[in-house]
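>>> with the sequence up front, the predicted model follows.
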Amino acid sequence: MYPGTWAEKTPDKPALIMAGSGRTLTYAELDERSIRLSRHLYEAGLRPGDVVALLSDNTPETYEVYWAALRSGLYITAVNHNLAADEAAYIVGDCGAKALVVSAAKRDLVTEMDPQLDVAERLAYGGEVPGFADYETALAAASAEPLPEQPHGDDLLYSSGTTGRPKGIKLPLPTYSVDEPGYQYVAIFGTIYQFDENTVYLSPAPVYHAAPLRFGGVVHALGGTLVMMEKFDPEATLAAIDTFQVTHTQMVPTMFVRMLKLDDDVRGRYDTSSLRYVVHAAAPCPVEVKQRMIDWLGEIIYEYYASTEANGATMIDSAQWLAHPGSVGVPLLGVAHICDDDGKELPTGAVGTIYFERDGVPFSYHNDPVKTASTQHPQHPNWTTVGDLGYLDDEGYLYLTDRKAFMIISGGVNIYPQEIEDLFTLHPSVLDIAVIGVPDEEMGERVVGFVEVAPGIEASPELADQLTSYARDRLAHFKVPRELHFLDELPRTPTGKMVKGKLRDLYGRL
């Protein structure tokens, strides 16, 4: 199904509500406006397989663009608006966008990008942007009749770029039309998490990220209501759950941490009893954090481990997790293998690179065959990895240890920063922490931590000593950071991933 189905059945039902402003887009409006935009793009020369890029804050228009692409056989590339201008322009150029739609709220970024852009069709909504035509004028001039054929489009999204240039993941387009069943995200997640027309889904994350964008699409395909937050705020999240009687939401672990650090009386003000599914993904969740979320909200916490590449996936519910604390579940998509650096499969409990086996090669990086080849197992090309490390237990449950690129080798011993970071996640003096390895003449690498202190806490040498002692009491001493540096803010993306390359650059300037 798609919005057109629900525009006929429930035309006045909210397809999308902005949590802060209350601005609402009905199914009738979403259907008509996405039709008009698809018509405009067709008249501008875009055809199935072409790309429309979107650079926007969280607004209702984002899903008008999304559905215009999906009902036209186009790819949609949502661009991270927190990137630097040259990084964002790189994505627009690399994906080969033939149209670019932007929010006027990002006017300064777009203006800085402009000299690097080679896109003929440009639209802006929410205000004027130099060099861009008015979005509303374009829609008003376009036909409200659907295109004679509506082949199903798809997203062409880029990895977060935490370990280098963002990489585009381009899959073959579906072979069915937009009003036919079969779209994998609807089939998988809609079924597992029981999305339907009664779903009220809260999306607190930026819409340019894969999971929020795709899950919003699942909600619309199945006739529910998407409540989108302008930006995440822990108390505002609870208020939205209460106000809109939210049934489903998806978060990242840093959001859990921020909510858990609210005072008990603040958390107690809001009714969360409508929640049936609280899904989390995107980054590893510390065991203590997840346990406290289950204690608070009940056994409604669900986790999946996947990637933008969609080369494989695991899932786990609360009951399974309580029996296997720390696990990200059993494979749902693909078969998991743990291998050493030579590609040899490792025994149960041994840490190695996580590969997923699929029928055929499940993805390729756009314009980068060398990078694509580097993800493939040396003997089994249909086993692919995104660079994560982990292990399997004797029941087949997968556990993550860290990104391969983040692993520290000190004195010949492997150290996984995630373990150290998890230790401090709920420490009352720590709002956020990141651990990296830096070159060391004697040990090869040494462990260095960067800390963002909690509100009301003063960064000081005394606090550094306290945190070091805290770690030494709970970790093997070779894992304890040899240095702690305090920063006003750590470079974490809005989707919860730490950009450790920026910390390495910063350390080089200390």
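It's in. Numbers count the residues shown, from 1 in each chain.

>>> so what's residue 472 up against?
Going by C-beta atoms under 8 Å, 6 or more residues apart in numbering, residue 472 touches residue 480. All C-beta atoms are positioned from the backbone trio N, CA, C, and that covers glycine.

>>> can you tell me the element residue 93 falls in?
helix 85-94 (DSSP states H and E).

>>> other SSEs contacting that helix?
Packing contacts for helix 85-94, counted by 3 or more C-beta pairs under 8 Å, 6 or more residues apart in numbering; DSSP states H and E, involve strand 51-55, helix 107-113.

>>> and the nearest residue to residue 283 once chain neighbours are set aside, how close does it get to residue 328?
Sequence neighbours aside, residue 496 is the residue nearest to residue 283 in space, at 4.4 Å (criterion: C-beta to C-beta, 6 or more residues apart in numbering). Counting by C-beta to C-beta, to the nearest Å, the gap between residue 496 and residue 328 amounts to 15 Å.

>>> with residue 432 instead?
Counting by C-beta to C-beta, the separation of residue 432 from residue 328 is 22 Å.

>>> can I take it that the residue nearest to residue 283 is in a strand?
No: looking at residue 496 with DSSP: H, G, I helix; E, B strand; the rest coil, it is coil, so not inside a strand.

>>> before we move on, back to that, strands paired with whatever helix or strand comes next after the helix holding residue 93, and their directions?
Going down the chain from helix 85-94, the next helix or strand is strand 99-103, by DSSP H and E. Strand 99-103 has its sheet partners listed here by DSSP bridges as strand 51-55 (parallel), strand 121-125 (parallel).

>>> most tightly surrounded among the ones you listed?
Mean neighbours per residue, mean count of other C-beta atoms under 10 Å, is largest over those for strand 51-55, with a mean of 27.

>>> check the offset of that one from the chain's centre.
Taking the mean of its C-alpha atoms, strand 51-55 sits 17 Å from the chain's own mean (C-alpha atoms, centre = their mean, to the nearest Å).

>>> can you list contacts of it?
So strand 51-55 is contacted by 41, 46, 62, 65-66, 68-69, 74-79, 81, 88, 91-92, 95-103, 106, 109-110, 119, 156, 208 (C-beta under 8 Å, 6+ apart).

>>> quick one: average pLDDT of that strand?
Strand 51-55 carries an average pLDDT of 98.

>>> and it with helix 85-94, angle?
Strand 51-55 and helix 85-94 are oriented at 160 degrees to each other (axes from the mean of the first three to the mean of the last three C-alpha atoms, to 10 degrees).

>>> quick one: the helices in the stretch 51-200 of the chain, in order.
With helices called from DSSP state H, counting those that start in this stretch, the stretch 51-200 of the chain shows them at 61-70, 85-94, 107-113, 135-141, 184-185, 191-192.

>>> what does the third one contact?
Looking back up the chat, that one is helix 107-113. Against helix 107-113 from outside (C-beta under 8 Å, 6+ apart): 55, 81, 85-86, 88-89, 92, 102, 124, 127-130, 132.

>>> just the buried subset of those residues, please.
By neighbour count, with 16 or more other C-beta atoms under 10 Å, the contacts of helix 107-113 hold 55, 81, 85, 88-89, 92, 102, 124, 129, 132 as buried.

>>> flag the shaky bits of the chain, pLDDT-wise.
160-164, 361, 495 (pLDDT under 70).

>>> residues in contact with the residue of it most remote from its centre?
Distance from the C-alpha centroid of the chain, by C-alpha atoms, centre = their mean, peaks at residue 442 (38.3 Å). By C-beta under 8 Å, 6+ apart, no residues touch residue 442.

>>> three-state assignment of it?
Quick answer, by three-state DSSP: residue 442 is coil.

>>> how about the nearest residue to residue 383, chain neighbours excluded?
residue 377 (3.7 Å).

>>> from what I can see the one you found touches residue 355, true?
Yes: the pair residue 377 / residue 355 is scored as a contact, 5.5 Å apart, by C-beta atoms under 8 Å.

>>> so for the two, which residue has more residues nearby?
Per other C-beta atoms under 10 Å, whichever of residue 377 and residue 355 has more neighbours is residue 355, with 26 against 18.

>>> surely that one forms part of a strand?
Yes: judged by three-state DSSP, residue 355 forms part of a strand.

>>> returning to that earlier point: name the residues contacting each of residue 377 and residue 355.
Shared contacts of residue 377 and residue 355, defined by C-beta under 8 Å, 6+ apart, are found at 337, 339, 383-385.

>>> the residues you listed, buried ones only, as a PyMOL selection?
Entered in PyMOL, the line below selects the buried ones among those, by 16+ other C-beta under 10 Å:
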select buried, resi 337+339+383+384+385
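
>>> turn the shared contacts of residue 377 and residue 355 into CSV, columns for distance to residue 152 and secondary structure.
Output for the shared contacts of residue 377 and residue 355, formatted as CSV (distance: C-beta to C-beta, whole Å; DSSP: H, G, I helix; E, B strand; the rest coil):
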residue, distance to residue 152, secondary structure
337, 32, strand
339, 35, strand
383, 28, strand
384, 24, strand
385, 28, coil
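
>>> residue 318 reaches residue 300, doesn't it?
Yes: with contacts counted by C-beta under 8 Å, residue 318 reaches residue 300, the gap being 6.7 Å.

>>> give me the common contacts of these two.
With C-beta under 8 Å, 6+ apart, residue 318 and residue 300 have no common neighbours.

>>> helices along the stretch 351-500 of the chain, start to end?
Here the stretch 351-500 of the chain has its helices, by DSSP H, counting those that start in this stretch, at 369-374, 417-424, 461-472, 500-509.

>>> closest one to residue 314 among these?
When the helices of the stretch 351-500 of the chain are compared by C-beta to C-beta, helix 417-424 sits nearest residue 314, at 16.8 Å.

>>> could you tell me how far that closest one lies from the centre of the chain?
The chain centre lies 21 Å from the centre of helix 417-424; the measure is C-alpha atoms, centre = their mean.

>>> domain map for the chain?
3-227, 407-509 (automatic domain parsing).

>>> adding distance to residue 310, write these out as JSON lines.
Below are these laid out as JSON lines (distance: least, C-beta to C-beta, whole Å):
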{"stretch": "domain 3-227", "distance to residue 310": "7"}
{"stretch": "domain 407-509", "distance to residue 310": "16"}
